[in-house]
Every structure is written in structure tokens, then in C-alpha cells.
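Peer 1: I would like the atomic coordinates for the input below:
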Amino acid sequence: MVSMLTKPAGATDGASVNQLRGLAAGLCVDAGILLEEGDGGFWYYDHDRRAIVVPARDIKTKGVHYCAGVLAHEVGHFFISRYHQFTNAFQFPSTKLLNHLLNCLEDPRVNRWIKARYPGARDWYRLMVADFEQPDQLGIPEFLNFGIECHAEEMHGWQARPTGSLPPRIEAALASTRLARQAASECLPSLVPDSVLLDERLADMATQTLTGRMEPALPQDSPARPLPARELDVLVHQARMLALVRDGVCEEAAKLLRIDCARLGWHLLKKDMQADLNALARGGRVPNTLRLKLTAEVIPAMKAVPHPPTTWEPSAAQSKALVKVMELFLEKAEQTGKVKVLGASPHGRSGGRPVSRSAGGSHGAGGKARDECHNSQPPATDTVSPRAVDQLTRLVEDGLNPNRLRRHHGTFATGSKLSMREAMRLDAEPERYRKLWQRRIRPTRPDAAFGLLVDLSGSMRGEKIKAALAGTHLLAETLHRLEVPCLIHGFQDKLIPVTAWEDGYNDAVRNRIQGMGLEVSDSRPGGNNQMRFNDDGPCLEEFTALVGRHPARDRFVVVVSDGGPAGSRSTPEDLERVVLKVTGGNEVHLIGLGLGMGTDHVRRFYPRSIANVAERDFPARIGGLILEACGVPRSGGVVDWGG
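Peer 2: Residues are numbered from 1 along each chain as shown. Take a look at the predicted model:
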């Protein structure tokens, strides 16, 4: 369905509307949703009509590109947010407040996904950062403020605000949940939804994830047939994200909510409003005047009672009523703009139509364990098996075993074996009699250093980056066991350091290697994220200089790429110049490795190269290069050098 933009009376000028219509077509055509200009003040998604309503006020005051950024965010929710289907997996005092929290925690995941799928949206998002520049100045409850700050951190590149700019309890909650929130934002479904296939792997993931506490509550009117693979993939990754949230964030958030309620209750008690609170606790129809009266006291209570009372605790009935007041305050605050999830316009009602926040009533929450999420983050990459590392390490160590490879080497005046080469030269050069003999020499650890430079441009997405990460893990762990120094960098428009010589191989290194996979989709937190470029020439020149300074006798540099140079500051001729300089200097052994079919171009740039390496063969090729760097003889065909 092609998206449309309808205009109410008194709307913005036609040029702005047409410009946003053009941007909307690219964002909405895949989703099959409508885009409407509204005369209210609220952004929202109407699930029943499959329409996103854009306030005319924002188009006029904030500009078309700002609105395009908010629109991209809402489209992202449409594609990947399903947290409303998982609220039964949570034990929380209020479903409404839980939905606010889950939406705020979902926003960073949505931002990462939509910016990876539509890279142009990154420029629009920069216009929205100003909405999160300043922390709350009104004194809203800390539970609500915590949710907003969870999103604000991601908008600022996961950078915490300066110490003291937020209430201490919020700062502590953000610090203790930051790792879980970052991991949750990495649980992304496929960037190309229509390419998802219902294979054995996806079926197993769904069986393991969407069961028990994380079984989604599908709409009752949905037909009784298997879910499409695309929707199953979305649900699996939503569930894994929400498990991280449930286990690593919700307890801190619930603690803030309990403290807010206690502060509000004590304030109402001191103002002799306990009768009003009890009236709300009794349930039934609540007069609108009572609602307004109680919600009006929320912000004054937060200012008047900065800490929870130590001599009073609300009863169960009072706690329930206080939570209800917080729900009413949230609803009112969203309508008046005191609580913002994204952009200048809060979500709310327009034209009397009830709407769903952000993603609409079809979306929801849930999850699994943290390590499971990392295994399924994009790209879903399994590290190399321990057995492969053991076999390669054993092969190298056997090659260096003094009892197996004590060969005759060198030229000496005395020894145990005659050197036939020297003997044949003796008649012509009698003075060589002091070099006639060879001795058995025990092999030693290789005096080598290994540098791996991996292309992290967008063309490496999919199976290629999975294979590259598997080979990188194999390289790092094997060389660590062999005590061979290893340096790993990626590159786009500049070098992206991953490991240093002294890092070895540990959990931190493993996580950094996995993080390389996010660079190819511009979604690594705090990363370089310039997948459009691969400036091979200047990056190779800088990297070989780093490796060339290592004191090892033999220094190897392997460049892994799947395409020719496409730089922001260099040309293919720059790469040719650098390769000529490196190979002529004899400081490093330079090897080009073309990952994937159709990579014959590496033969043009690298005199020593391996082209057209299938993804499944990449770890084995890396293993062969490790054997060469360690000076271990290989059986024929382990590595075939291109000509």
C-alpha cells in the first residue's frame, strides 16, 4: 500500500507537506501504513487504521526533517515492537506504567534498527537530540524520569549526564542497569524482514524463547495458522530483549515507583487529603474533580518530600490508590507535554480517537537471558568452536615439538650430519670447510606477530561478517594460546581499533570482536558507524606501520575484504601505491584475502592473495595463515596463493 498524507483544514503550507510526503513514501511503503497530518498536538500511531498522525504544528515549527526523524522512529516501532503481547511475563504494580517503562526501554532498540535499515535517518535523528539536552526541570516522579533518561542516554551515544545533574536515585538506577539496557538494544530482528525464512534455526529459537513466561499473547481475532517467518523473527528478538529488561531493569524501576508512591502518600497525608486517597482506593466511578485534585498534587509532592518517609508506610489499599494517581498523572502529563517519549509532541488522543503509544496496541514485551541475546544480536554469529581452536593449537604445538621436528639446520665447523650443499661448494671455495656440518636444533616458539585488518563496510553484512567474526575468534584465541602477539583492527573511512598487542583473548576481547559485526550496519554504540566507506589505502598504510613497529622477526598483515576501495578520502590508486610501498619495504608479509565469491579484484591489488574464499572456508584459511606465521609445515592445499 502506498502511503498517503492527508491535510486537515488550516494545515501547513503545501511545499512542506509535499516534502514530508516524499520522505514518508520511502519509510512507509514497506510497512503499508498511512501518514496523516493532524490538527492536534500529538504524534501517535492508530493501530486500527494503520495510520501515523503527524501534528501540523510540528511540521511548521520543527521542520520537515525533524518530523521525518520522528516518523522514522514510529515506523521502526511498527516493524519490530511487540512488547504489549508480553506484559503477562512481568510482575509489576501497573500495566499502564509498565507500558511507559517498556516503551522507553524499547526506543533505543527501535532507533538502532531504523538507522541501520534506513541509514539516511541518522541525519534526521541528530535534529531530535536537542529534545533530550536538558534533564527534567519540573520535578516529575523519578520512575517516569528514569524511563525518559533511559532513552536520552541512547540519544547521546550512551553517555551518562554529568554527575549531579539528575537526582541521586536516578543516577544510581541508570548506572546499575546500563549494561542490561545496552544489551537489550542489541536484540534486533532482520534488517530485511521479507528475507526471513522459517528454517530449522528460527524454529528452534522460537521454541526455546516463546514458551513459558515469555509466551506472547496473540490477538484473539488472529487466524489459527502458523505465524509468518518475519513475525516470528520479530517476536523472538522482542522476547529476548524483554527478558534482559525484566531481569536487569524492572526491579530498579519498581523500587523508584514504590519510593515515589511513598513520597506522594506522605504529602497527601500531611495535607489532610487521606479521605480523597481512600475514595480513590475504594474503586468504582471516580469524579473527574477528584482525579484533577489528586494529580495536581504529584509534582508538589515530589518537591516537598525529596526522600521517602521513615515513620510511615502506605497500606496495600493505599499503595494501589497511589499507583492509580501515578497512572492518572502520566496520562495527563503526556497530553500536556510534561512527559515526552520522543520529539516535542507527546503521544495522546486526537479527534476523540483513543490511540496506542508509539507502536500501537499490537506491540509488546518479553525476553530471555543476557548471553542468549548476545548470541542473537545482529549479526547472529556463533564464535568458533573450542574443538577447532584445540585442533589448530595442537597442530602448531606438534609442529614445534622437539621430539618430532628436531631437524638438522645451520652450517657449523662440527656437527652430526654433512651439509651436501656446502660439500659441493668446497672444491671451489676451500675456505668453507668451517661450514660443512649441520646440527640438530630444537624448534622454539615462533618469533612472529600477526595483524588482521577487516573490512567493516556495509557490503560485509550477512554471512560474510558472520564468517569474518568466526575466523577472527579463531585467530585471536589460537595465537593467544601460542603466545604469538596479535593485533586486530577494522576499517571503514578510518581504522577501528579492536585489540591491542597485549590484550590476549578474554571476555572483553570477545565482546569487542562481536561488536565489529554492528559496525557493518552502523549500529555499534559509540562506534565509528560509517558503513558507506572503505578507505583501504590510508587505513592499510596506518595499520602496516603499527605492525611494522613490532620487534618480532616475522610480521604478517592479512587484509580481509569483499570489495574494492570506496573511500571518502582515497582512491583505488592510493591502495595500489600503499601495497607497492609495503611489499617493497620487506617489513611485513602482506596478504590480501577476498571473502566471498566474485572477489578476484584482490589479485589486482595484492601480489600475494587468496581470492573467492567461500564464507564457510574462511576460518580454515585463517588457520592456514596461522600455521605459516608459526613456521609449521603444512600439507599441500591448505593455502593456495593466487597469482
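Peer 1: all contacts plus neighbour counts: C-alpha atoms, from now on.
Peer 2: Fine.
Peer 1: Name the secondary structure element that contains L518.
Peer 2: helix 507-519 (DSSP states H and E).
Peer 1: oh sorry, the question was meant for E153
Peer 2: Going by DSSP H and E, E153 is in helix 142-155.
Peer 1: okay, that helix in CSV with CA atoms only?
Peer 2: This file holds the C-alpha atoms of helix 142-155, laid out as CSV (Å, rounded to 0.1, in the frame of the first residue of the first chain):
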residue,chain,number,x,y,z
GLU,A,142,11.5,9.7,39.5
PHE,A,143,10.0,6.5,38.0
LEU,A,144,8.8,8.4,34.9
ASN,A,145,12.0,10.4,34.7
PHE,A,146,14.1,7.2,34.8
GLY,A,147,12.3,6.0,31.7
ILE,A,148,12.9,9.2,29.8
GLU,A,149,16.6,9.2,30.8
CYS,A,150,16.9,5.6,29.5
HIS,A,151,16.1,6.9,26.1
ALA,A,152,18.1,10.1,26.5
GLU,A,153,21.2,8.1,27.2
GLU,A,154,21.0,6.3,23.9
MET,A,155,20.3,9.5,22.0
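Peer 1: circling back to that earlier point, what mean pLDDT does the helix holding L518 get?
Peer 2: Here helix 507-519 scores 90 as its mean pLDDT.
Peer 1: Buried residues of it, list them for me.
Peer 2: Across helix 507-519, burial judged by 16 or more other CA atoms under 10 Å covers V509, R510, I513, Q514, G515, M516, G517, L518, E519.
Peer 1: on contacts alone, who are the packing partners of that helix?
Peer 2: Applying 3 or more CA pairs under 8 Å, 6 or more residues apart in numbering; DSSP states H and E, one finds that helix 507-519 contacts helix 463-481.
Peer 1: Could you pull out the strands in the stretch 1-150 of the chain for me?
Peer 2: 5-6, 34-38, 44-46, 51-55 (DSSP state E, counting those that start in this stretch).
Peer 1: Would you verify that L453 is located in a strand?
Peer 2: Yes - counting by DSSP: H, G, I helix; E, B strand; the rest coil, L453 falls inside a strand.
Peer 1: Could you count how many residues lie near it?
Peer 2: Neighbour count for L453, taken as other CA atoms under 10 Å: 26.
Peer 1: where along the stretch 201-350 of the chain do the helices fall?
Peer 2: 229-248, 250-270, 274-281, 288-295, 298-304, 316-336 (DSSP state H, counting those that start in this stretch).
Peer 1: mind checking pLDDT for the residue nearest the centre of the chain?
Peer 2: For the chain, the residue nearest the mean C-alpha position is E186 (3.9 Å; CA atoms, centre = their mean). On pLDDT, E186 comes in at 93.
Peer 1: Phi, psi for it please.
Peer 2: With angles defined as degrees, to the nearest 10, E186 sits at phi -90, psi 0.
Peer 1: Let me see the domain layout of the chain.
Peer 2: The chain breaks down by automatic domain parsing into domains covering 57-251+355-376, 407-441, 445-629.
Peer 1: Report the outermost residue of the protein with respect to its centre.
Peer 2: Most peripheral residue of the chain (CA atoms, centre = their mean): D427, 70.6 Å.
Peer 1: A helix includes it, no?
Peer 2: No - looking at D427 with three-state DSSP, it is coil, so not inside a helix.
Peer 1: measure it to I170 for me?
Peer 2: 88 Å (CA to CA, to the nearest Å).
Peer 1: what's the answer for W124, then?
Peer 2: Using CA to CA, W124 is found at 29 Å from I170.
Peer 1: between the helix holding L518 and helix 463-481, what angle do the directions make?
Peer 2: Here the directions of helix 507-519 and helix 463-481 differ by 160 degrees (axes from the mean of the first three to the mean of the last three CA atoms, to 10 degrees).
Peer 1: Heading C-terminal from helix 507-519, find the next helix or strand.
Peer 2: Immediately after helix 507-519, counting by DSSP H and E, sits helix 536-548.
Peer 1: for that next one, packing partners?
Peer 2: strand 448-455, strand 486-491, strand 495-497, strand 554-561, helix 572-585.
Peer 1: Which of these sits closest to K255?
Peer 2: Taking CA to CA, strand 495-497 is the member of the helices and strands packed on helix 536-548 nearest to K255, at 39.4 Å.
Peer 1: for that closest one, packing partners?
Peer 2: Secondary-structure packing of strand 495-497 (3+ CA pairs under 8 Å, 6+ apart): strand 486-491, helix 536-548.
Peer 1: tell me which residues in the last one are buried?
Peer 2: This means helix 536-548. Buried residues in helix 536-548, counting neighbours by 16+ other CA under 10 Å, are found at D536, G537, P538, C539, L540, E541, F543, T544, V547, G548.
Peer 1: dump the residue contacts of V547.
Peer 2: V547 is in contact with A449, F450, G451, L487, R555, F556, V557, V588, counting by CA atoms under 8 Å, 6 or more residues apart in numbering.
Peer 1: same thing but at 10 Å, please
Peer 2: Neighbour list for V547: A449, F450, G451, L452, C486, L487, W501, R555, F556, V557, E587, V588 [criterion: CA atoms under 10 Å, 6 or more residues apart in numbering].
Peer 1: Tabulate those residues (CSV), appending neighbour count.
Peer 2: Shown next, in CSV, are the contacts of V547 (neighbours: other CA atoms under 10 Å):
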residue, neighbour count
A449, 25
F450, 27
G451, 25
L452, 22
C486, 25
L487, 22
W501, 15
R555, 23
F556, 24
V557, 22
E587, 18
V588, 23
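Peer 1: Thanks a lot, see you next time.
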